[in-house]
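# Following is a predicted model, sequence given first.
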Amino acid sequence: MQSTPTDLSFELPNGGSGPDPLQLDQIDADFVVMLFHRDYHCSNCQEQVRGVAARYDGFRDRNAVVVSILPEPKERAAEWAATYDLPFPVLADPDSTMADRFGQPVRFGFLGELHDLIGRMPLALIVDQRYDEPRLIYSYVGDGPSDRPTVESLLLELERNRSNTD
């Protein structure tokens, strides 16, 4: 079962664009799209970030910043950001502390926890920062390695929420 923290703040080393380390409150955007990846070697994760990068203007047009979170050290996050020419932050979460706190699912028990590529499933979240306290407004929990939201569905979710303010 997935759980999400009530405190959405974070601070992690950043191997991509933006401040290093990166904190949520440093991101100057209405929305933050958080993509929790399985592993540096995950081809589905690589495909996802390439797709997001190709359509990144659509995220900017919706006043959103995408943040990739890898269960890897900062050097690997930086290499990933450079390899795929990513225009957004790529955070290093080597101990999966943030992934666990935000509820990224892990399958296959001990073996899955031992090897992220085997056990970690994709997780996508959208945080709305237009309020006094950030709010989690969207969550997509992958059931399998390739089960993740499309770029189009993320953009549509952002568009839908742009007009929603309480």
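In hand now; what should we look at? Model, not experiment: these values are computed from the prediction. Numbers count the residues shown, from 1 in each chain.

# quick one: the strands in the protein?
Per DSSP state E, the chain carries strands over the ranges 11-12, 22-23, 31-36, 64-70, 90-92, 123-128, 135-141.

# Just give me the residue right at the centre of this protein.
L35 (1.9 Å; Cα atoms, centre = their mean).

# any idea of the pLDDT on that residue?
Looking at L35, its pLDDT is 97.

# Ok, the one 5 residues further on next?
Note for Y40: predicted pLDDT of 80.

# OK, contacts around it?
By Cβ atoms under 8 Å, 6 or more residues apart in numbering, the contact list for Y40 reads 70, 72, 76, 79-80. Just so you know, the C-beta spots here come from the backbone N, C-alpha and C atoms, and that holds for glycine as well.

# got a winner among the residues you listed for most neighbours?
L70 (30 neighbours; other Cβ atoms under 10 Å).

# Tell me who's in contact with it.
Contact analysis of L70 by Cβ under 8 Å, 6+ apart lists 37, 39-40, 76-77, 80, 90-93.

# picking that back up, out of the strands of the chain, which one sits most buried?
Comparing those by mean neighbour count (mean count of other Cβ atoms under 10 Å), strand 90-92 comes out on top with a mean of 28.

# Identify the farthest-apart pair in the contacts of L70.
The span of the contacts of L70, defined through Cβ to Cβ, is set by D39 and L91 at 14.3 Å.

# D143: which of the contacts of L70 is nearest?
Closest approach to D143 among the contacts of L70 (Cβ to Cβ): H37, at 15.8 Å.

# Can you report how many residues lie near that closest one?
Using other Cβ under 10 Å, H37 has 27 other residues around it.

# Which residue, other than its chain neighbours, is closest to it?
Once flanking residues are discounted, H37 sits nearest to C45: 4.0 Å by Cβ to Cβ, 6 or more residues apart in numbering.
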